[in-house]
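Peer 1: My questions concern the predicted model and sequence given below.
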Amino acid sequence: MKLCGIMLNMKSKNVFKKYRLKIIWIILILIIWEAIAKFSSISPLAFPSLELIGKALVQSIISGEIINQMIFSLGLILMGLILAVILSVILSSLSIINPIIENFVDTCVSIFHPLPGIALLPLIILWIGTGSKAVVFIIIHSVLWPMILNMIAGFKSIPQVYKKIGRNYEFNILKIIFKIYIPASLPYIIAGLKIGWARAWRAAISAEMIFGASGGSGGIGWYIFNKRVFMDTPGLFAGLIVIIIIGILIEDLVFGKVENSTIKKWGIS
Amino acid sequence: MSSIIKIENLLKTYDQRVILDNINLTIQEGEFVCFVGPSGEGKTTLLNLIGGFIKKDSGSIKFKGNEVIKPMKECVMVFQEFDQLFTWKNLKDNVEFPLKNAVGTVPAAHKKLSKKEINQLSAKYIKMVKLEGFEDFYPNQLSGGMKQRTAIARSLVTSPEVLLMDEPFGSLDAQTKKELHMTLLDIWKKTNTTIIFVTHDVREALTLADRIVVLKDGIINKIIDNQDKDISENRVDEITKLL
């Protein structure tokens, strides 16, 4: 028990040490922020104090507005991510099976990967209209191409000997892909998911700001846009803070945990 | 003893260069055969042809009377590379991989094995390669010798009829190699699996094999009977002169 306590203490000390400098910087930024808000001539409508932002944040949380909008946005992102991952597994797998399909997928990646989702907005409005479907479409577009690039790179990095082992046990191509290719490419797939998540997050918020509410919810992007329209700047900042916190939590907790329990544990990061 | 592998008039070329020519060889069930020869003389190519991993130009390779046209789970290969273990699986899961994923690989069980049966089989072969206590270790935590032992256990767990070994101990130090020779001979005696082993090390071949097939310039130069396992300097010199 005593040893356990000492280890826990050491762990929390290490975590504190790791984040100590970051926390100091954040505190410094907040002090400068508050000083500008209090002592400068900038209007609180453009540059609210921390107190106002804090109040707006607490109010939005209590009313449930910000939480609902965040859940709505995360739901759309999750749906887009899942669909994009399924599509990328199908297209990457077909690419390694057939050189003609590989060439087709490669051509699509070259065309669509550099194209920002937001640039497609006019076309998406024309084809799909506005609302959740359009947001999901933009998320898929943002995630799919980097995922395919990473997945194919992962498949190509697999040692030849793995494929031979699969053939030796008379696996069919599907079994080779799911039992060997995908787990062996996990470092690349996780890297692709991280890029995909970041792109999806940005794409979703941008699209929500433009498409607005449909069926009562518009997501966190719509929430921020609305706050600007009504000049509720503290509320706008409250939305931004929530976006930052969610981003950090997903990056550090979700991806951090996945990496620790997979590629770092296996020594292949 | 009946023949398990029969090779007749085998020809293999790469880019119009003859790699193997007029290979005729019969391997009996339960035999331990070593292919010896300098690098680039077609030892590994011959092993890959027997395993069905590459295609021949002409001639015939038969496993139990049937032409080998693709890899088979009855003839399992142990490779030279240390990275043949799956990095995302621990030692036990690596050994159990073929049992869980290749139904019917164990000749006695042409059905999906139960969890208990899988556990028993993996424990038996992990013990055989002397790796008890390391079941939860991942490949990155194992030494080169331990990795090769695990690969041997994984190959044997399905009770294949033929074990194809492509210089599996080629990158190991002398002491580890010696220990693994003893382990392999012990396993061979216990399981009676037919083993075809490729090496360029004459001493290794003399230590392990019943018969030594000397390959030179793409042909079988000589087949030497090695039942007496004589590892004297004279014997080493005699075979080295044939290379």
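Peer 2: Cool, got the structure. Keep in mind it's a predicted model, so treat the numbers as computed, not measured.

Peer 1: Could you check how far the residue lying closest to A:Ser73 once chain neighbours are set aside is from chain B?
Peer 2: Leaving out its chain neighbours, the residue that sits closest to A:Ser73 by C-beta to C-beta, 6 or more residues apart in numbering or on different chains is A:Gly219, at 3.8 Å. For the C-beta atoms, the positions are set from N, CA and C on the backbone; glycine is no exception. Per C-beta to the nearest C-beta, to the nearest Å, A:Gly219 is found 36 Å from chain B.

Peer 1: Give me the phi and psi angles of A:Gly219.
Peer 2: Per-residue torsions, A:Gly219: phi 90, psi 180 (degrees, to the nearest 10).

Peer 1: And it, how far from A:Ile118?
Peer 2: For A:Gly219, the distance to A:Ile118 equals 15 Å [C-beta to C-beta, to the nearest Å].

Peer 1: picking that back up, list the contacts for the residue nearest to A:Ser73?
Peer 2: A:Gln69, A:Met70, A:Phe72, A:Ser73, A:Leu76, A:Val135, A:Ala204, A:Ile205, A:Glu208 (C-beta atoms under 8 Å, 6 or more residues apart in numbering or on different chains).

Peer 1: one more time with 6 Å, if that's ok
Peer 2: A:Gln69, A:Phe72, A:Ser73, A:Glu208 (C-beta atoms under 6 Å, 6 or more residues apart in numbering or on different chains).

Peer 1: Could I get the residues you listed in a markdown table, plus columns for secondary structure, neighbour count and pLDDT?
Peer 2: As requested, the contacts of A:Gly219 are arranged in a markdown table below (DSSP: H, G, I helix; E, B strand; the rest coil; neighbours: other C-beta atoms under 10 Å in any protein chain shown; pLDDT from 0 to 100):
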| residue | secondary structure | neighbour count | pLDDT |
| --- | --- | --- | --- |
| A:Gln69 | helix | 24 | 88 |
| A:Phe72 | helix | 24 | 89 |
| A:Ser73 | helix | 26 | 89 |
| A:Glu208 | helix | 28 | 84 |
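
Peer 1: I'd like to know which of the residues you listed is nearest to chain B.
Peer 2: Of all the contacts of A:Gly219, A:Ser73 has the smallest distance to chain B: 32.6 Å, by C-beta to the nearest C-beta.

Peer 1: so who does the closest residue to chain B within the stretch 151-269 of chain A touch?
Peer 2: Nearest residue of the stretch 151-269 of chain A to chain B: A:Gly267, at 3.0 Å (C-beta to the nearest C-beta). A:Gly267 makes contacts with B:Asn140, as judged by C-beta under 6 Å, 6+ apart.

Peer 1: In terms of pLDDT, where does it sit?
Peer 2: pLDDT for A:Gly267: 79.

Peer 1: so how far is B:Pro139 from it?
Peer 2: In terms of C-beta to C-beta, A:Gly267 sits 8 Å off from B:Pro139.

Peer 1: Likewise for A:Ile190?
Peer 2: Relative to B:Pro139, A:Ile190 is positioned 19 Å away (C-beta to C-beta).

Peer 1: neighbour-wise, which of those two wins?
Peer 2: In this view A:Ile190 and B:Pro139 are compared by other C-beta atoms under 10 Å in any protein chain shown, and B:Pro139 has more residues nearby, 23 against 18.

Peer 1: Identify the residues contacting residue 209.
Peer 2: This is for chain A. Counting by C-beta under 6 Å, 6+ apart, A:Met209 touches A:Gly221, A:Phe225.

Peer 1: Chain B, not that one
Peer 2: B:Phe32, B:Val33, B:Cys34, B:Asn226.

Peer 1: And these, which is the shakiest by pLDDT?
Peer 2: Going through these one by one, the lowest pLDDT turns up at B:Asn226, 88.

Peer 1: Please save the CA atoms from the host helix or strand of B:Val236 in PDB.
Peer 2: Taking DSSP states H and E as the criterion, the element that holds B:Val236 is helix B:233-240. Output of helix B:233-240 as PDB, limited to C-alpha atoms (Å, rounded to 0.1, in the frame of the first residue of the first chain):
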ATOM      1  CA  GLU B 233      37.400 -31.000 -38.600                       C
ATOM      2  CA  ASN B 234      38.000 -33.600 -41.300                       C
ATOM      3  CA  ARG B 235      34.300 -33.800 -42.000                       C
ATOM      4  CA  VAL B 236      33.900 -30.000 -42.000                       C
ATOM      5  CA  ASP B 237      36.800 -29.700 -44.500                       C
ATOM      6  CA  GLU B 238      35.400 -32.500 -46.600                       C
ATOM      7  CA  ILE B 239      32.000 -30.700 -47.100                       C
ATOM      8  CA  THR B 240      33.600 -27.200 -47.300                       C
END
